[in-house]
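1. Compute the structure for the input listed below.
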Amino acid sequence: MILADKIIENRKKKGWSQEELADKLGVSRQSVSKWEGAQAVPDMKKIVLMSEIFGVSTDYLLRDDIVIADTDETAPVDRGLEDTVRSVSMEDASSFLEHNERVASRISTGVMMCILSPVLLIVVAGLAEAGFISLSGAAAEAGGTAILIIIVAIAVGLFIMEGMRGKPYEYLDNTAIDTEYGVSGMVRERRDGYAEKHTRLLILGIMMCIIGAVPMLIMEMTRYSNNTDLLPVIGVAAMLIIVAAGVKLIVLTCIRQGGYDRLLEEGDYTRLNKKAGKYDGIYWAIATTIYLGWSFVTMRWEMTWIVWPVAGVLFAAYREVMKAIVRSR
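-> Residues are numbered from 1 along each chain as shown. The predicted structure is shown next:
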């Protein structure tokens, strides 16, 4: 076992992220990343310091022929995960990354469908109210609501289906993992290659969510000069379409990026964050319930979409609280 793999193995046994190890060694996270990717070698002072904080000998770190650390210290595995450490092979990692690509596409599509679901209801009801189609307001709302429910049901079906398909990979969230030789380097290389695209998609998605309100504002401003109530309806529909596309890009690229971090146990997937994220599903289920409940009660779909960006902002605070609770235990 080479030095790079020994650093990864011992860091994960301690439950530290690259950032946390870098802080303890007084170096940058990029330095630790290069050491673990076998792109650079730490100097002797850092080797000695690592031997102290890992509780192993310098011989163990420097000599490839020594595979088992010569120490009586048992490295702790974070409580809340399973006691065993699961080995992840190159085949396991490649299979998961392929699965994660499909999940990213389908889940992001499902989220987009949920946001788009009221568009037809809004448009049909607006056309009926303006007299452009020969339907009563009640009939238009009933038909639009039925289509909305069907679209949401399809989206929920996608979520459930992907959840079931992901069961073989649940150990990545519930178990401490140890990647086999070469796996971390492969995953890190693919993540680095995707980093620029991830940034572009994230920025584009956020921009679309921000500018999504522009069509609604323009139509609202021109409704009086055109003396019609149809323009605001078109503006709301256009806003939801733009926001839905932006959110799809954000969800798509974040799931892809998260796949790499899950295998490397970095970012939101360090062992601390794994435990802190145990109830994330409940959080988002509550957010979805609030969105749908508020929307159906008020029928103000042009306003209720604000639940999602607010939930996103509050999620960051929720995660920090959960991490604080985990640390206190």
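
2. For the stretch 101-250 of the chain, which segments count as helices?
-> 119-130, 137-165, 171-174, 183-211, 213-226, 230-264 (DSSP state H, counting those that start in this stretch).

3. Could you point out which of the ones you listed sits nearest Val103?
-> Closest approach to Val103 among those (C-beta to C-beta): helix 137-165, 5.2 Å. C-beta: built from backbone N, CA, C; applies to glycine.

4. could you check the angle helix 119-130 makes with the closest one?
-> Angle, helix 137-165 to helix 119-130, by axes from the mean of the first three to the mean of the last three C-alpha atoms, to 10 degrees: 180 degrees.

5. Show the average pLDDT along helix 137-165.
-> In this model, helix 137-165 carries a mean pLDDT of 86.

6. do the same with stretch 308-316
-> For stretch 308-316, the mean per-residue pLDDT is 76.

7. Now do Met299 against Val247, distance only.
-> According to C-beta to C-beta, to the nearest Å, Met299 stands 21 Å off from Val247.

8. More neighbours: these two, which one.
-> Comparing Met299 with Val247 by other C-beta atoms under 10 Å, the one with more neighbours is Val247, at 24 against 16.

9. Any chance of a markdown table for the helices of the stretch 101-250 of the chain, columns distance to Lys14?
-> Listed next are those as a markdown table, based on distance: least, C-beta to C-beta, whole Å:
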| stretch | distance to Lys14 |
| --- | --- |
| helix 119-130 | 50 |
| helix 137-165 | 31 |
| helix 171-174 | 19 |
| helix 183-211 | 16 |
| helix 213-226 | 47 |
| helix 230-264 | 15 |
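
10. out of those, which comes closest to Gln39?
-> Proximity to Gln39 (C-beta to C-beta) singles out helix 183-211 among the helices of the stretch 101-250 of the chain, at 8.8 Å.

11. So which elements touch that closest one?
-> helix 3-14, helix 29-36, helix 90-116, helix 230-264 (3 or more C-beta pairs under 8 Å, 6 or more residues apart in numbering; DSSP states H and E).

12. What angle do helix 183-211 and the shortest one make with each other?
-> It refers to helix 29-36. Helix 29-36 runs at 150 degrees relative to helix 183-211, counting by the same axes, to 10 degrees.

13. one step back: and the helices of the stretch 101-250 of the chain, which one is worst for confidence?
-> Mean pLDDT values for the helices of the stretch 101-250 of the chain show the minimum at helix 213-226, a mean of 70.

14. Redo the helices and strands packed on helix 183-211 as JSON lines? Include distance to Arg165.
-> JSON lines is the format used below for the helices and strands packed on helix 183-211 (distance: least, C-beta to C-beta, whole Å):
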{"stretch": "helix 3-14", "distance to Arg165": "26"}
{"stretch": "helix 29-36", "distance to Arg165": "30"}
{"stretch": "helix 90-116", "distance to Arg165": "7"}
{"stretch": "helix 230-264", "distance to Arg165": "14"}
